[in-house]
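>>> Build the 3D model from these lines:
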Amino acid sequence: MPYVPHTDDEVRDMLATIGVDSIEDLFAEISSDMRPASFDMPEGLSEMDVLTKLEAMAARNATDRVSFLGAGFYDHYIPAAVDALTMRGEFYTAYTPYQPEASQGTLQAIFEYQTAITRLLGMECANASVYDGGTALYEALMMAVRKTKRRKIVVSEALNPIYRVMLASYTSNLDIEFVTVPHKDGQTDIEGLKAAIDGETAALLVQNPNFFGSINDFTELFNACRENKAVSVISSYPVLQTLLKTPGDMGADIAVAEGQSLGLPLSFGGPYLGIMTCTKKMVRQMPGRIVGRTEDSEGRTGYVLTLQAREQHIRRQKATSNICSNQSLCALRALVHMCALGEMGLKRAARVSVERAHVCAERLTAIDGVEMLTKGPFGNEFAVTLPINAYEAIARLTERGYVPGFPLGRYYKDLENGLLVACTEKTSEEQIGIFAEMLKGALK
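This is a model prediction of the structure:
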């Protein structure tokens, strides 16, 4: 899009209208130490030159790497139908469905998404308006604080550390007490968490599979929450929910997830989708919007915004959140992805991902000095310890075209040699074999 600057005459007219003589006078209230050092910008380029420059920069990105990187974000196959349908103009340009009479398509899509997500997670209610998995977890935390009028949050250290950093950031100016229960060699310490829950606890935050890939059944732990009138919150991995016991079956009050694995490509940090579900008793605390289905005076089906508790809609002090936004396009991609694969397709993607991870674990632990950190059942992700620093191994393999995983030492100081490895249905056994041989060579 071309940019046409103001003429000198237009600038003088605007300054005269404001009542100042120069641009410098306009910014006189800003102290000199807070002003930009210089406005000496490079000369502009033509559209053709800009495109040539940006294409050259984009070509420097390595797009041919074989990646075993996960840590909450996964490279699953996305059916071509997802792009074909969600790029249609009526979906792609739609934003907030404030006028139901003009937004029936968008409202129905959100309603169908809510239905699919509640079935996937075994919960009763869902919204479609949270940025990402970490934000959804924060919103769940605040739901619990409002519901219980308590400020203590019990957190498993096996919860995604990226999310824990986000929680600390969002609550830095709030009177929230975090009690973090350490992991045990990559395992969620269920007994430690249970002991930490008491009559002052607002919420328990856990993850399944946890950050290290380990699978748990939190039914008894959630019962302990219920006995202490605390809110149980679980962060889930949507793809594996077709194989695992659902949050609803475990008795969770709130279940959240990162929806990227459902039809959203890994693309330099986004877009992401915060999946958020809860029981009916918690729905009044849920942020964002909930779409409902009804009938008009002539008996025709219609869709409406049944519940919207944002500061734009109600008195600010009664709003549940002011940071949620409309994620309907990302939610639509997740819906189309789930519908395109169907129940059997989702289960197959999950099953193959898990099978490939177990094959990979066997191949890697056959290498001298490589041992499993993850004990017990795991999904499509697992942790190993290496005889060298994980960063060193990552550097050696990445330069040869293979990204071996996530360095656990980035967030866990005692696991500098720990490597988190993920597989999906896109990971071939041939790639696993090459990865194992390359790692074996790198460790010599």
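
>>> Provide the backbone phi and psi angles at residue 395.
Main-chain torsions, residue 395, degrees, to the nearest 10: phi -60, psi -40.

>>> any idea how far residue 388 is from it?
The spacing between residue 395 and residue 388, counted by CB to CB, to the nearest Å, is 11 Å. (C-beta placed from N, C-alpha, C; glycine too.)

>>> Can you give me the buried ones in the least confident helix or strand in the chain by mean pLDDT?
Sorting the helices and strands of the chain by mean pLDDT, DSSP states H and E puts helix 89-92 at the bottom, at a mean of 80. Buried residues in helix 89-92, counted by 16 or more other CB atoms under 10 Å: residue 91.

>>> gap between it and the chain center?
24 Å (CA atoms, centre = their mean, to the nearest Å).

>>> Just the C-alpha atoms of it, please, in PDB.
Extracted in PDB, the C-alpha atoms of helix 89-92 (Å, rounded to 0.1, in the frame of the first residue of the first chain):
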ATOM      1  CA  GLY A  89     -13.900 -14.100   2.300                       C
ATOM      2  CA  GLU A  90     -17.000 -14.400   4.500                       C
ATOM      3  CA  PHE A  91     -14.900 -16.000   7.200                       C
ATOM      4  CA  TYR A  92     -11.500 -14.400   6.600                       C
END
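
>>> okay, the helix or strand just after it in CSV with CA atoms only?
Moving toward the C-terminus from helix 89-92, the next helix or strand (DSSP states H and E) is helix 104-121. Listed next in CSV are the C-alpha coordinates belonging to helix 104-121 (Å, rounded to 0.1, in the frame of the first residue of the first chain):
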residue,chain,number,x,y,z
GLN,A,104,-25.3,-15.9,11.6
GLY,A,105,-22.5,-17.7,9.8
THR,A,106,-19.8,-16.6,12.2
LEU,A,107,-22.0,-17.3,15.2
GLN,A,108,-22.9,-20.7,14.0
ALA,A,109,-19.2,-21.5,13.4
ILE,A,110,-18.4,-20.5,16.9
PHE,A,111,-21.3,-22.5,18.3
GLU,A,112,-20.1,-25.6,16.4
TYR,A,113,-16.6,-25.0,17.6
GLN,A,114,-17.8,-24.8,21.2
THR,A,115,-19.7,-28.1,20.8
ALA,A,116,-16.7,-29.9,19.3
ILE,A,117,-14.3,-28.7,22.0
THR,A,118,-16.6,-29.6,24.9
ARG,A,119,-16.9,-33.1,23.4
LEU,A,120,-13.2,-33.4,22.9
LEU,A,121,-12.4,-32.4,26.5
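
>>> moving C-terminal of helix 104-121, what's the next helix or strand?
strand 125-126.

>>> Any buried residues in the helix or strand that that following strand is followed by, and which?
Next helix or strand after strand 125-126 toward the C-terminus (DSSP H and E): helix 133-148. Neighbour-count burial for helix 133-148 flags 133-145, 147-148 (criterion: 16+ other CB under 10 Å).

>>> Could I have the CA atoms of helix 133-148 written out in CSV?
The C-alpha trace of helix 133-148 is given here as CSV (Å, rounded to 0.1, in the frame of the first residue of the first chain):
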residue,chain,number,x,y,z
GLY,A,133,-2.9,-21.6,26.1
GLY,A,134,-1.0,-19.5,28.6
THR,A,135,-3.5,-16.8,28.6
ALA,A,136,-6.3,-19.3,29.0
LEU,A,137,-4.5,-20.7,32.1
TYR,A,138,-4.3,-17.3,33.6
GLU,A,139,-8.0,-16.7,32.9
ALA,A,140,-8.7,-20.0,34.6
LEU,A,141,-6.7,-18.9,37.6
MET,A,142,-8.6,-15.6,37.9
MET,A,143,-11.9,-17.5,37.5
ALA,A,144,-10.9,-19.5,40.6
VAL,A,145,-9.9,-16.4,42.5
ARG,A,146,-13.3,-14.8,41.8
LYS,A,147,-15.2,-17.9,42.6
THR,A,148,-13.5,-18.8,45.9
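
>>> Paired strands for the next helix-or-strand element following it, with orientation please.
As assigned by DSSP H and E, the chain's next helix or strand after helix 133-148 is strand 152-156. Strand pairing for strand 152-156, using DSSP bridges, gives strand 177-181 (parallel), strand 201-208 (parallel).

>>> Give me the distance from strand 152-156 to the chain's centre.
Counting by CA atoms, centre = their mean, strand 152-156 comes out at 20 Å from the chain centroid.

>>> Keeping just the C-alphas, turn it into CSV.
Coordinates of the C-alpha atoms in strand 152-156 are reproduced here as CSV (Å, rounded to 0.1, in the frame of the first residue of the first chain):
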residue,chain,number,x,y,z
LYS,A,152,-3.4,-19.1,47.0
ILE,A,153,-2.6,-21.1,43.8
VAL,A,154,-0.9,-24.5,43.9
VAL,A,155,1.1,-25.2,40.8
SER,A,156,2.9,-28.2,39.6
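
>>> Quick check: buried residues in the longest helix that the chain contains?
The residue-count maximum for a helix in the chain (DSSP state H) belongs to helix 328-365. Using 16+ other CB under 10 Å as the test for burial, helix 328-365 gives 328-341, 345-346, 349-350, 352-354, 356-357, 359-361, 363-365.
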